[in-house]
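> Provided below are the primary sequence and the corresponding predicted coordinates.
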Amino acid sequence: MDNLKIGHKIKKLRELRNLTQEHMAKSIGLTQGAYSRMELGETEITYSKLEKISEQLGMKPEEVIAFNESMVFNVMNNQTGNGLVINNNQISEADKSLYEQLILQLKEENTHLKKVIEGLLKA
């Protein structure tokens, strides 16, 4: 696990839930300073620590790891009740390139599998 990236994700999720570092640290049995160093990526985040942090965030560890801050859902109170607002930031060029490569690869695999199926049907 990349401690800096995981720490950044944990920080964003904590902030979205309006939780303090002190609250998180106390709930998982750390000092605030030790917890802060985890968010900064300065110390290792073990899986057992990630499980405790995830529990405090109301999430599963894999959801914390997969968190993408560009797809944040914010629940807001408005005059008609609860409204769901999606922060729909643009996809990065690197991610766009990666998705395009993946789509091309899947198309090639699809074409190959169609040929294999046709060959099996002719046999």
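Structure's in. What do you need? Owing to the predicted nature of the structure, the values given are computational and were not obtained by experimental measurement.
> which sections of the protein are below the confidence cut-off?
Scanning the chain with the threshold set as pLDDT under 70 gives 1-3, 70-90.
> Distance check, the residue nearest in space to the middle of the chain against E108.
Centroid-nearest residue in the chain: F67, 1.3 Å away (criterion: CA atoms, centre = their mean). Distance of F67 to E108, given as CB to CB, to the nearest Å: 31 Å. To be clear about C-beta, it is placed using only N, CA and C from the backbone, and glycine gets the same treatment.
> same thing with L19?
From L19 across to E108, the span is 46 Å (CB to CB).
> Which residue of the two possesses the greater neighbour count?
Neighbours per residue, other CB atoms under 10 Å: of L19 and E108, the larger number sits with L19, 14 against 10.
> Can you give me the domain boundaries for this protein?
Following automatic domain parsing, the chain resolves into domains at 3-85, 90-123.
> for the shortest one, which positions count as buried?
Neighbour-count burial for domain 90-123 flags no residue at all (criterion: 16 or more other CB atoms under 10 Å).
> Centre of the chain to that domain, how far?
Distance of domain 90-123 from its chain centroid, counting by CA atoms, centre = their mean, to the nearest Å, is 25 Å.
> if I pick the nearest residue to the residue nearest to the centre of the chain once chain neighbours are set aside, what's in contact with it?
In space, and not counting its chain neighbours, F67 is closest to K9: 4.6 Å by CB to CB, 6 or more residues apart in numbering. Counting by CB atoms under 8 Å, 6 or more residues apart in numbering, K9 makes contact with 64-65, 67, 69.
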